[in-house]
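A.B. asks: with the sequence up front, the predicted model follows.
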Amino acid sequence: GTVVAVRQNPQWDGGVPPVLVLVGLAYAGNVGTIVRTAVQANAFAEIMIVDAEDGSPPVKAADVDYYSVMNAPLAALRRFGTAATFLAHARGSGRKMVATALGPGAVGAYSAPARRALVGGENGIFLLLGAETGGLPSAVLERCDTLLRVPSLSASVNVGSAFSIVL
């Protein structure tokens, strides 16, 4: 027979692989690009998708199912209907929450504090990426331990590009 893929568990300097969390992304192309990049990097044991709550349509279930099938067993995908549901899930994990953000208090993505935050420690991290237009909801930002600012010469950075830079 032919071997299509051999999965090694992700190896992470901190010992516990991070969990990637996509919050409120509306464009299936961005979700697909990020999921495929995460899987190819073999750096995440799990990818979580949190639906938008601002009235924009969520990424279609068929697209999420497609990413799950195409990438299984390379990464587990889990979906949450609201940010509150995700936050309740995250609360007891002991993981640090690290997010990309443009606002005040964000450290440069290439800085020493960013590198320390991305290593995560004994319980690992949730790496959060926010929606294309509005970023992360304030309730999520308030729970983050570290905010990362992706350097850019323009006013914004495509979420897929931001993920690639942080990765």
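C.D. replies: Ah, there it is.
A.B. asks: which is the next helix or strand following the lowest-mean-pLDDT helix or strand in the chain?
C.D. replies: Here the helix or strand of the chain ranked lowest by mean pLDDT, DSSP states H and E is helix 61-71, holding a mean of 60. Counting by DSSP states H and E, the next helix or strand C-terminal to helix 61-71 is strand 76-80.
A.B. asks: output the next helix or strand after that next one as CSV, restricted to C-alpha atoms.
C.D. replies: Downstream of strand 76-80, the next assigned helix or strand under DSSP H and E is helix 83-91. Backbone C-alpha positions of helix 83-91 (Å, rounded to 0.1, in the frame of the first residue of the first chain) are rendered in CSV as follows:
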residue,chain,number,x,y,z
ALA,A,83,-16.8,33.3,22.1
ALA,A,84,-18.4,32.8,25.6
THR,A,85,-18.6,29.0,25.0
PHE,A,86,-14.9,29.0,24.0
LEU,A,87,-13.9,31.1,27.0
ALA,A,88,-15.8,28.7,29.3
HIS,A,89,-13.9,25.8,27.7
ALA,A,90,-10.6,27.6,28.0
ARG,A,91,-11.0,28.7,31.6
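A.B. asks: now the helices for this structure?
C.D. replies: Using DSSP state H, the helices found in the chain span residues 28-41, 61-71, 83-91, 112-119, 138-143, 159-166.
A.B. asks: many thanks, we can stop here.
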